[in-house]
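J.: Here you go, sequence then predicted model.
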Amino acid sequence: MLVGKRKRLLQYLENQDVERYRSLIDKLGLRK
């Protein structure tokens with residue numbers, strides 16, 4: 001499912017490239 005893939009991708013980004021992950025979160029407005 002698309003949502004599952006995106007979640008896994010976000011987890012991968014969070015582990016590999018935290019800066020880009022954070023900027024992506026800001027862009028998408030998914031701040032927790």
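T.: Yep, that arrived. Numbering: from 1, shown residues only.
J.: So which elements touch the longest helix anywhere in the chain?
T.: In the chain, with assignment by DSSP state H, the single longest helix is helix 2-16. Where contact means 3 or more C-beta pairs under 8 Å, 6 or more residues apart in numbering; DSSP states H and E, helix 2-16 is packed against helix 18-28. Heads up, the C-betas are built off the backbone N, CA and C, glycines and all.
J.: Tell me the buried residues in the helix it packs on?
T.: By neighbour count on 16 or more other C-beta atoms under 10 Å, the buried set for helix 18-28 is residue 21.
J.: Need the CA coordinates for that helix. PDB is fine.
T.: Provided in PDB are the C-alpha atoms of helix 18-28 (Å, rounded to 0.1, in the frame of the first residue of the first chain):
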ATOM      1  CA  VAL A  18      17.900  13.600   9.100                       C
ATOM      2  CA  GLU A  19      18.300  17.100   7.700                       C
ATOM      3  CA  ARG A  20      16.500  16.300   4.500                       C
ATOM      4  CA  TYR A  21      13.900  14.300   6.500                       C
ATOM      5  CA  ARG A  22      13.200  17.300   8.700                       C
ATOM      6  CA  SER A  23      12.900  19.700   5.800                       C
ATOM      7  CA  LEU A  24      10.600  17.300   4.100                       C
ATOM      8  CA  ILE A  25       8.400  17.100   7.200                       C
ATOM      9  CA  ASP A  26       8.300  20.900   7.300                       C
ATOM     10  CA  LYS A  27       7.300  21.000   3.700                       C
ATOM     11  CA  LEU A  28       4.600  18.500   4.100                       C
END
